[in-house]
Each structure stands twice: as C-alpha cells, then as structure tokens.
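got a sequence here, can you build the structure:
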Amino acid sequence: MSQEEVVTKDGLKIRKLVDLKASTAEEYQEAMLHRVEHFSKRKDSVFNDFVENTIVQGLKLALNAKVEIDKMLGDNKDKVHKILENVLLFGL
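From the prediction side, this is the model:
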C-alpha cells in the first residue's frame, strides 16, 4: 500500500492513502492483533497493574451503584435528577 505524507500548516503530518489493495484489511487486522498480543505480554510494573485494576474496579463499582440507584428510583428518577440539579445550581 502506498501512502503520501502531507504536512499541514500546524506541522501535523497526515498520511494519505494513495491506493488500496485487497489485502489491506487483513494487514491492519494482523497488525492490531500483534499489538494486542505485545501489550498483553508486557509487564512494565506491578504497581501500574495494581493502580489500573484499582481504578477500573472503582469505576465498575460506581457505575453499578448508579444503575442500582436508577432501578430503585424507577419513575422518580427524573424528579430526583431535577432536585439535585436545583440544589447544585443554587448551592453554588
């Protein structure tokens, strides 16, 4: 696949696809799979893994809590949202 490189006024380099081969999608897919495999095998730091896992678990808990609260509120969800908006708006 041939590419043409264009530089914008801001100095941003953009690669422009000049022609498209039938195997281009397969090449991109293979490259992505190789990259995923590379990063799955990479172990930079136990600390980084711990921090990432902690953040992900925290977000998961927060989103699950939001979904459960929305289920409990049912039809009153919009009313509660409106009240919270008014409290936050006038409280600031």
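
what are the ranges of the helices in the chain?
Taking DSSP state H as the criterion, the chain contains helices spanning 24-41, 46-73, 77-91.

turn those into JSON lines, including mean pLDDT and mean neighbour count.
C-beta coordinates here come from the backbone N, C-alpha and C atoms, glycine included. Compiled in JSON lines, the helices of the chain are given as follows (pLDDT from 0 to 100; neighbours: other Cβ atoms under 10 Å):
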{"stretch": "helix 24-41", "mean pLDDT": "79", "mean neighbour count": "10"}
{"stretch": "helix 46-73", "mean pLDDT": "84", "mean neighbour count": "10"}
{"stretch": "helix 77-91", "mean pLDDT": "84", "mean neighbour count": "10"}
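
of those, which is nearest residue 12?
Closest to residue 12 of the helices of the chain, according to Cβ to Cβ: helix 24-41, at 21.7 Å.

indicate which one of the helices of the chain is closest to residue 10.
helix 24-41 (26.6 Å).
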